[in-house]
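In: With the input below, show me the fold.
(one chain, ligands or ions: 1)
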Amino acid sequence: MSSLLLFLFLFLTPSSTLEFRYHNNREIQQYLVEINASNPDISHLYSIGPSVRGQELWVLALGLSPHRHTVGIPEFKYVANMHGNEVLGRVLLLQLIDDFVRGYRNKEDWSVKLLNSTRIHILPTMNPDGFDESDTNCLFSQGRANYNGVDLNRNFPDAFAGLRKQPQLDESRREAEVRAVIGWLRMESFVLSANLHGGALVASYPYDNSNGGSELVGGASVCPDDDVFNHLAKVYSHNHASMHRGDQCRDSRLFPEGVTNGYLWYSISGGMQDYNYVWAQCLELTLEVSCCKFPPQNQLPALWTENRKSLLAFIMQIHLGVKGRVFDGSGVPVQNAVVEVKGRSNMCPFRTDKHGEYYRLLLPGEYVFTVTHPGHKVLTETLNVPHGPDQYSAMKHDFMLRRIPATTVSPQANPTEANSTEANPDPQL
Ligand SMILES: [Zn+2]
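Out: This is a model prediction of the structure:
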């Protein structure tokens, strides 16, 4: 083979060379740059900001329109390694990227259909500085925190602390990695997400915290979308080789079907999954993917095999429920319309984004929707929701609002107008 042909061969087949080992931060960056360069049609590499020590937090977006949002295509994300010494997630997400790209190039149905219907953002390490400090112990927490010694999964704004009138840290004083994720959530309207940890084998879901109010049920802190979260967690655990058995780690408690309410396990304040759900209307799970925080390298192929099906099945759940747009009386899509589902009193009501879009993950069934927007009549519609993931699309439904004649508009007609993206907690919670 001539050297030119050899070069082309190596350049065009980057996905066949990802080794099962722990890549350091520089190697991860190099891998992402290479995969992006060789797959510009379906990938987009960007940074959400630097870590405390100035290492970029690189995200690879995969999809048919990788650079920007497409109306009707939901935004998904996976985040790994926010605890620097919990490292399997880094390996799983690199393998996942490799798998997606190879599958797409080979025209494999699963990859083509997922990338056709979903934009998938992957952040292999949220805490590269912590990783640099970590040791390979299964249990110890050397490297868990960021460079400033702060646990990033305790550093997000906490809605329950707000309800208790506890002072919130000013955003500018939060850790660099946390600020980067908060900015990321403002930049993209994520619908579904998971962050990958280690040290247990369980899929955990909100809430992680409580205000001691009516959300506390049987030791769990139950959120308005508990049925959906329980389903999402079981999709992961039952597609995993052993997580669903719930008893796989020594010295760990029993988790029925491999899932748990976060608070029921142990409460945390300032966690990332509650922040995603409460403040950014993105449903997020915390996935504990290995009993050992730093598994021996020779176990990595088996651990990837155990998690691969779960990782893909979980992404498909982004197509649960209903999606669409809200149009005003002139037929123009409107931002910030409130789209509520009866019986689900979310602390921050779900709102349309800048494209006038909404996404509501719901299990199949009948739901009463109420849509409100200033200057328009409250719209109530009942929708029958089928199972979307099989079709790679949630049910599509647009809401057409009708304007209130100008003479009858009063200041009280739009009680939801004043809110920004900040929380407007329901005082009953
Ligand atoms: Zn962790």
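
In: Who does the particular helix or strand that has residue 285 in it pair with, and is each partner parallel or antiparallel?
Out: Here residue 285, judged by DSSP states H and E, is contained in strand 283-290. Paired neighbours of strand 283-290 in the sheet (DSSP bridges): strand 190-197 (parallel), strand 200-205 (antiparallel).

In: Which positions in the chain make contact with the ion?
Out: 83, 86, 197 (C-beta under 5 Å from the ion). Bear in mind the C-beta positions are built from the backbone N, C-alpha and C, glycine included.

In: one step back: next, format the strands paired with strand 283-290 as TSV and append mean neighbour count and mean pLDDT.
Out: Converted to TSV, these look like this (neighbours: other C-beta atoms under 10 Å; pLDDT from 0 to 100):
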stretch	mean neighbour count	mean pLDDT
strand 190-197	25	98
strand 200-205	26	97
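
In: Relative to residue 139, which of those is closest?
Out: Evaluated with C-beta to C-beta, these place strand 200-205 nearest to residue 139, the distance being 10.9 Å.

In: Just the local confidence number for the residue of the stretch 1-150 of the chain found nearest the ion, please.
Out: Nearest to the ion in the stretch 1-150 of the chain, going by C-beta to the ion, is residue 83, at a distance of 3.6 Å. pLDDT recorded at residue 83 is 98.

In: Now do the same for it: helix, strand or coil?
Out: Here residue 83 is recorded as coil under DSSP: H, G, I helix; E, B strand; the rest coil.

In: Columns distance to residue 120 on top of the strands paired with strand 283-290, output as a markdown table?
Out: Formatted as a markdown table, the strands paired with strand 283-290 follow (distance: least, C-beta to C-beta, whole Å):
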| stretch | distance to residue 120 |
| --- | --- |
| strand 190-197 | 10 |
| strand 200-205 | 19 |
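
In: what residue lies at the spatial centre of the protein?
Out: residue 193 (1.5 Å; C-alpha atoms, centre = their mean).

In: Not counting sequence-adjacent ones, nearest residue to it?
Out: Closest residue to residue 193 apart from its sequence neighbours, by C-beta to C-beta, 6 or more residues apart in numbering: residue 284 at 4.1 Å.

In: what are the ranges of the helices in the stretch 201-350 of the chain?
Out: All helices of the stretch 201-350 of the chain, identified by DSSP state H, counting those that start in this stretch, fall at 226-239, 262-265, 272-280, 300-316.

In: Most tightly packed of those?
Out: Neighbour counts (mean count of other C-beta atoms under 10 Å) averaged over each of these peak at helix 272-280, with a mean of 24.

In: List the contacts of that helix.
Out: Helix 272-280 has contacts (C-beta atoms under 8 Å, 6 or more residues apart in numbering) with 79, 82, 152-153, 156-160, 181-182, 185-186, 190, 193, 195, 204-209, 223, 225, 262, 282-286, 346-348, 421-423.

In: what about burial for those, which qualify?
Out: 79, 82, 152-153, 156-160, 181-182, 185, 190, 193, 195, 204-209, 223, 225, 262, 282-286, 346-348, 423 (16 or more other C-beta atoms under 10 Å).
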